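# Take this sequence and fold it.
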Amino acid sequence: MSSAPTIIALPEVALEKILSYLTYDEIAKTRLVCRRFNQVGGKLLTRGFFQVEKRHSAIYKRMKSMLPRRESERRSHPLSRHCDILSAVETRLSMLSMTYLRYMEGNVCCFIPGKVIDEIDRILTLVDKVKPAPRTHELLQELRDISSMAMEHFDETILPRMKQKVADRSSSSTTSLASSKSTKALYIQVITDEIQKVKKQTKFNKQQVGSLVEVLKNLSSQFKRQTKMLREKSLTIKEQERKLQEQATKLQEQETSIADLKKHVEEWDQKFSDLTAELIRAREDLTPKSAPPPEEPAIVTKLTRCNIKPRTGLSKFFEIPNVDLERKRKSIFNSEIPNKISRTFTSTAISDDDICNKINENITSNISKNITNSLNKDNEKNEEKVKGFIGRKGGFVPFLSNSIELLFKAPISSIKSRKRKMAEEINMK
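Model (predicted):
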């Protein structure tokens, strides 16, 4: 049958947690149970002594900061008794540390009197929490008695035993050294073998380190190459972005220039429309308003010959094809106008024709002058823009000539019809 688990089988942390619920006096008594309890209890007692020292120093520092600086005012202060108690505890702690601390640091023994730790802890809680502190003599009487008894017991009984144990340990160590001299040669042989193995291992490690260093060098060179390529690519990307920005600005400039040219074309169209309206208005003013419209069958029977020729007043400035005008005139008026016959014009008819021709010549000359002047100004200001525009659209002058030709086709026909009407009136008379 398996034995039941005992408290000794617990881990050290669990055992310390269980013993921490006891007082330090009870922990000191439990050290007599077994070696495990002795070991754990000794650690707890030593730790408790150091914790009490830290707590005392913190409380004493806080109390001193609350007292006034003058010595005369300190005596009459309500916290003066607290400071006296803490100073007396400090002297007792210093005496205990002088007795036990050297051996505790050497792990020879632990802090043995646990009742002293409990008493110091009780005094510190009273000083920290109770405002009207009790009398110093009554409060410190127990601490003085037990601390002095503990130090006397350590010096009289415990310290001689500890010295005897230390002497026994030293003698046992010398005998062990004497017995170990016989086996020294074996140890030396084993150590030399181990040294040889270590040397071989170090050589192998050096070779591996060299190969790894070469690999690292190759990787570093590749890394540098990659960084250089990345820098070059970044520079090319920046250059491409700069070119894209330049192209975008050029496109914007071209768009603005195209918009300006469109605006100029619209302005010229408006000017042409205004000029045509003025021409029509001037011709309407010159036509005789009182003459009644003749009847068409009478004109066809009475008119036998018409010597009216097409007007060629616009040939000075624009190349208008006269042959096309003659053909259009014949094709349009061939069914209405009879064969040409010789007739004599009166003075009134000749004067009206001259007036119409002069008006047309003056209007066309003014139009051509205005157009040429405006074109010269625009060419001086925007020479490059006009060149591009002329290259794309096939020339601006043929466009003007064609538009003026189309403009004057209808007025010329109206003038010719007016001349026919005047000739018909003369024949009727």
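# how is this structure carved up into domains?
Per automatic domain parsing, the structural domains of the chain span 7-68+76-161, 287-428.
# Out of the ones you listed, which gets the lowest mean score?
Among these, domain 287-428 carries the lowest mean pLDDT, a mean of 52.
# Name the secondary structure element that contains Val52.
Here Val52, judged by DSSP states H and E, is contained in helix 35-66.
# and if you look at Arg69?
For Arg69, there is no helix or strand it lies in under DSSP H and E.
# mind checking the longest helix of the protein?
Scanning the chain for the helix with the most residues, using DSSP state H, yields helix 184-286.
# average pLDDT for it?
Averaged across helix 184-286, the pLDDT comes to 89.
# What is that helix packed up against?
If you count contacts as 3 or more CB pairs under 8 Å, 6 or more residues apart in numbering; DSSP states H and E, helix 184-286 packs onto helix 347-381, helix 383-393, helix 397-428. Quick note: C-beta positions are derived from backbone N, CA and C, even for glycine.
# Quick one: the strands in the stretch 51-200 of the chain, in order.
Read by DSSP state E, counting those that start in this stretch, the stretch 51-200 of the chain holds no strands at all.
# so where do the helices sit in it?
Along the stretch 51-200 of the chain, the segments classed as helices by DSSP state H, counting those that start in this stretch run 71-76, 80-105, 114-129, 136-153, 159-180, 184-286.
# Now render these as JSON lines, adding distance to Leu44 and mean neighbour count.
Below are those laid out as JSON lines (distance: least, CB to CB, whole Å; neighbours: other CB atoms under 10 Å):
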{"stretch": "helix 71-76", "distance to Leu44": "38", "mean neighbour count": "10"}
{"stretch": "helix 80-105", "distance to Leu44": "13", "mean neighbour count": "17"}
{"stretch": "helix 114-129", "distance to Leu44": "9", "mean neighbour count": "19"}
{"stretch": "helix 136-153", "distance to Leu44": "17", "mean neighbour count": "15"}
{"stretch": "helix 159-180", "distance to Leu44": "21", "mean neighbour count": "10"}
{"stretch": "helix 184-286", "distance to Leu44": "41", "mean neighbour count": "11"}
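# Relative to Glu26, which of the ones you listed is closest?
helix 114-129 (7.5 Å; CB to CB).
# The closest one vs helix 80-105, what angle?
With axes from the mean of the first three to the mean of the last three CA atoms, to 10 degrees applied, the angle from helix 114-129 to helix 80-105 works out at 150 degrees.
# CA atoms only: put helix 114-129 into PDB for me.
What follows is helix 114-129, C-alpha atoms only, in PDB (Å, rounded to 0.1, in the frame of the first residue of the first chain):
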ATOM      1  CA  GLY A 114      11.200  34.800  17.200                       C
ATOM      2  CA  LYS A 115       9.400  36.300  20.300                       C
ATOM      3  CA  VAL A 116      11.600  39.400  19.800                       C
ATOM      4  CA  ILE A 117      10.300  39.900  16.300                       C
ATOM      5  CA  ASP A 118       6.700  39.700  17.500                       C
ATOM      6  CA  GLU A 119       7.300  42.200  20.300                       C
ATOM      7  CA  ILE A 120       9.000  44.700  17.900                       C
ATOM      8  CA  ASP A 121       6.100  44.300  15.400                       C
ATOM      9  CA  ARG A 122       3.600  44.900  18.200                       C
ATOM     10  CA  ILE A 123       5.400  48.100  19.300                       C
ATOM     11  CA  LEU A 124       5.600  49.400  15.700                       C
ATOM     12  CA  THR A 125       1.800  48.900  15.200                       C
ATOM     13  CA  LEU A 126       1.000  50.800  18.400                       C
ATOM     14  CA  VAL A 127       3.300  53.700  17.400                       C
ATOM     15  CA  ASP A 128       1.900  53.900  13.900                       C
ATOM     16  CA  LYS A 129      -1.800  53.600  14.700                       C
END
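# Could you list every helix and strand that that helix packs against?
Applying 3+ CB pairs under 8 Å, 6+ apart, one finds that helix 114-129 contacts helix 24-30, helix 35-66, helix 80-105, helix 136-153.
# To Glu241, which of the ones you listed lies closest?
Checking those against Glu241 by CB to CB gives helix 35-66 as the closest, at 67.2 Å.
# Which elements pack onto the closest one?
Taking 3+ CB pairs under 8 Å, 6+ apart as the contact cut, helix 35-66 packs with helix 12-19, helix 24-30, helix 80-105, helix 114-129.
# List of residues touching stretch 110-124?
23-29, 41-43, 45-46, 48-49, 52, 55-56, 59, 85, 89, 92-93, 96, 100, 104, 139-140, 142-143, 146-147, 150, 154, 158 (CB atoms under 8 Å, 6 or more residues apart in numbering).
# nope, stretch 17-36 is what I was after
Applying CB under 8 Å, 6+ apart, the contact partners of stretch 17-36 are 7-8, 10, 15, 37-38, 40-42, 44-45, 48, 112-115, 117-118, 121.
# Can you tell me which of the residues you listed are classed as buried?
Taking 16 or more other CB atoms under 10 Å as the criterion, what is buried in the contacts of stretch 17-36 is 15, 37, 40-42, 44-45, 48, 112-115, 117-118, 121.
# Return the member of these nearest to Leu230.
Distances from Leu230 to those, taken by CB to CB, are shortest for Leu15, at 63.5 Å.
# Isn't that closest one up against Thr6?
No - using CB atoms under 8 Å, Leu15 is not in contact with Thr6, being 11.1 Å away.
# Ile359 versus Thr287, what's the distance?
12 Å (CB to CB, to the nearest Å).
# With neighbour numbers in mind, choose between these two.
Remark: of Thr287 and Ile359, Ile359 carries more neighbours, 16 against 13, as counted by other CB atoms under 10 Å.
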